[in-house]
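S.K.: sequence first, then the predicted structure, then my questions.
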Amino acid sequence: MMRALALASVLAAALAVSARAAQCGDGADGKLCPDCLCCSKWGYCGSTSDYCGDGCQSQCDGCGGGGTPPPPPPSPSPPPPPPTPTPTPGPPSGGGVASIITEDLFERMLKHRNEPDCKARGFYTYDAFITAADAFRASAPRAARRSRSASSPRSWGRRGMRPRAAGRTRPTAPSPGATATRRRTAPPPTTAT
């Protein structure tokens, strides 16, 4: 049974290949190739000397009748050179973030922010960005001073730290709102009564 099935499969495959083998000429009931292509001695369509040369069955001179195969299609023209980039304008005078991130650069970095499917459409604007960045820049020196002063001995009492022997510090009572962790201890032993 298995041998019969295998033999049937092989025969079906051979018939399918032989049915597809010839595209034109004697093996395909005299069919002509499309687009004035030559029909090779093996029944395949093409335009090179392998198809139109020795043993060609039909349309060996193309459809023009000049006795030579049709010329190959012209090669595509080279693509045009890329456009020269326009120079990016220099940063505006005056310093600040606006001198680093121009409006054009901002638009290119966040180009999809105003698309209809963006939930924050209209939220990010260049003017709002510059205003926020300048406000941050103005507060940065104060924040740096606070950070430096927090590490000085004068601020230890304010931060809940107090001096200890040999320059070490230890925390004092936690400030209101702070969370404290408790050390777990074993429960007291119970006595049976």
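M.R.: Noted; the coordinates are in hand. Numbers count the residues shown, from 1 in each chain.
S.K.: do a quick rundown of the helices in this structure.
M.R.: Under the criterion DSSP state H, the chain contains helices at 2-21, 49-52, 103-109, 126-150.
S.K.: for Thr145, report the pLDDT, please.
M.R.: Careful, residue 145 is Arg; it's not Thr. Looking at Arg145, its pLDDT reads 58.
S.K.: my bad, should have said Asp117
M.R.: 83.
S.K.: can you offset everything so residue one is 46?
M.R.: Sounds good: first residue 46 from here, last item Asp162.
S.K.: in this structure, which ranges drop under the pLDDT threshold?
M.R.: Within the chain, the stretches with pLDDT under 70 are 46-67, 109-118, 132-140, 183-231, 237-238.
S.K.: show me where the chain has strands.
M.R.: 83-84, 90-91, 105-108, 206-208, 214-216 (DSSP state E).
S.K.: pull the residues that contact the first one.
M.R.: It refers to strand 83-84. Contacting residues not belonging to strand 83-84 are listed as 68-70, 77-78, 90-92, 96-97, 101-105, 107, 114 [CB atoms under 8 Å, 6 or more residues apart in numbering]. All C-beta spots, glycine's among them, are computed from the backbone N, C-alpha and C.
S.K.: of the residues you listed, buried ones?
M.R.: 68-70, 77-78, 90-92, 96-97, 101-105, 107, 114 (16 or more other CB atoms under 10 Å).
S.K.: quick check: the gap between Pro233 and Leu82.
M.R.: In this view, Pro233 and Leu82 are 100 Å apart by CB to CB, to the nearest Å.
S.K.: which of the two has more neighbours?
M.R.: Leu82 (23 against 6; other CB atoms under 10 Å).
S.K.: what bridges to the closest residue to that one other than its chain neighbours?
M.R.: Excluding the flanking residues, the one nearest Leu82 by CB to CB, 6 or more residues apart in numbering is Cys90, at 4.3 Å. Under DSSP bridges, the beta-bridge partners of Cys90 are Cys84.
S.K.: so Cys90 touches Gln68, yeah?
M.R.: Yes - with contact defined as CB atoms under 8 Å, Cys90 counts as touching Gln68 (5.3 Å).
S.K.: which neighbours do the two share?
M.R.: Common contact partners of Cys90 and Gln68 (CB under 8 Å, 6+ apart): Cys78, Cys84.
S.K.: could you list the domains of the chain?
M.R.: The chain breaks down by automatic domain parsing into domains covering 64-115, 138-194.
S.K.: deepest-packed of those domains, please.
M.R.: domain 64-115 (a mean of 16; mean count of other CB atoms under 10 Å).
S.K.: and Thr147, how far from Thr131?
M.R.: Counting by CB to CB, the gap between Thr147 and Thr131 amounts to 13 Å.
S.K.: rewinding a little: reformat the domains of the chain as JSON lines; add distance to Pro126.
M.R.: Output for the domains of the chain, formatted as JSON lines (distance: least, CB to CB, whole Å):
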{"stretch": "domain 64-115", "distance to Pro126": "32"}
{"stretch": "domain 138-194", "distance to Pro126": "23"}
